[in-house]
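A.B. asks: Fold the following for me, if possible:
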Amino acid sequence: MLKEFLSNSVYPVFFTGAGISTNSGIPDFRGPKGFWKNNTPIYFQDFIDSKSSRIKYWEQSINFKSNFGSFKPNEGHFAISKIIQTKGQGHCITQNVDNLHQDGGLADENVTEIHGNATYAVCLECKDKSQLEEIHQNFKKNSEPPLCKKCGGFIKTATISFGQPMPLIEMQRAQEEAFKADLFIVVGSSLVVYPAASLPLIAKENGAKFVIINNEETDFDNLADLVINDDISKVFKEALI
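C.D. replies: Next comes the predicted model:
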């Protein structure tokens, strides 16, 4: 049925979560071996208010993000790229911060990152970008959280932390894409984080077919036109044969 839905779709929109990247070696956040099982999240306001929290934040960043550049896109990423390129239109909204959709062939304009990107850092004041590798190396030497060389502002990975406002432009774009979709496919998301989890409802209410591909059940399964609980790479490989 997935193959049929894809064939009939004119404007497919994919909504991806951590589950699509586990086959690339990146652990998810909420699963049995997820990152938050063994790490306490640093809330955004704590990052702003407390140097000790910023130190802990960068220690976590080194443990989890210093090797992000070594991860490669898998069959799921390549399949989504191929589908959108073949259709000549469509979009990918992602909760992921690993840049693997772009590495898998999607142009930046075809990807909306609603939780940011962990492959670089940004100054919270002047928005100047920095390379993570240099920041991590310096932090390992002096254990001092980085400050912007241009304005002195706090530097943070370009991701959305707990308690940090969602990016307005990206969320507006994601909602617009959900409205345009005639097929909305959730891939590897538990659909528990709001307001992002409301996006498939927008698509469904505007007439789109709604598909969920995930290893585990979600609270939205009863609303979907098709639910597939299986390995994501395997599902796409079979659908594109």
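
A.B. asks: May I ask which helix or strand encompasses the residue minimising distance to the centre of the chain?
C.D. replies: With distances taken as C-alpha atoms, centre = their mean, the chain has N96 as the residue nearest its mean C-alpha position (1.4 Å). Using DSSP states H and E, N96 sits within no helix or strand.

A.B. asks: Tell me the spacing between it and I228.
C.D. replies: Plainly put, N96 is 19 Å away from I228 if you go by C-beta to C-beta, to the nearest Å. No exception for glycine: its C-beta is placed from N, CA and C like everyone else's.

A.B. asks: before we move on, what about G88?
C.D. replies: G88 sits 25 Å away from I228, going by C-beta to C-beta.

A.B. asks: With neighbour numbers in mind, choose between the two.
C.D. replies: Comparing G88 with I228 by other C-beta atoms under 10 Å, the one with more neighbours is I228, at 20 against 8.

A.B. asks: Excluding chain neighbours, what is closest to that one?
C.D. replies: With sequence-adjacent residues excluded and distances taken as C-beta to C-beta, 6 or more residues apart in numbering, I228 is closest to I213, at 4.8 Å.

A.B. asks: I93 belongs to a strand, doesn't it?
C.D. replies: Yes: assessed with DSSP: H, G, I helix; E, B strand; the rest coil, I93 lies in a strand.

A.B. asks: residues contacting it?
C.D. replies: Residues in contact with I93, defined by C-beta atoms under 8 Å, 6 or more residues apart in numbering, are V13, F14, F15, T16, V111, T112, I114, A174, E177, A178, A196, L199.

A.B. asks: And the strands in the protein?
C.D. replies: Remark: strands assigned in the chain by DSSP state E are 12-16, 91-94, 111-113, 116-123, 129-131, 155-159, 183-187, 209-213, 226-228.
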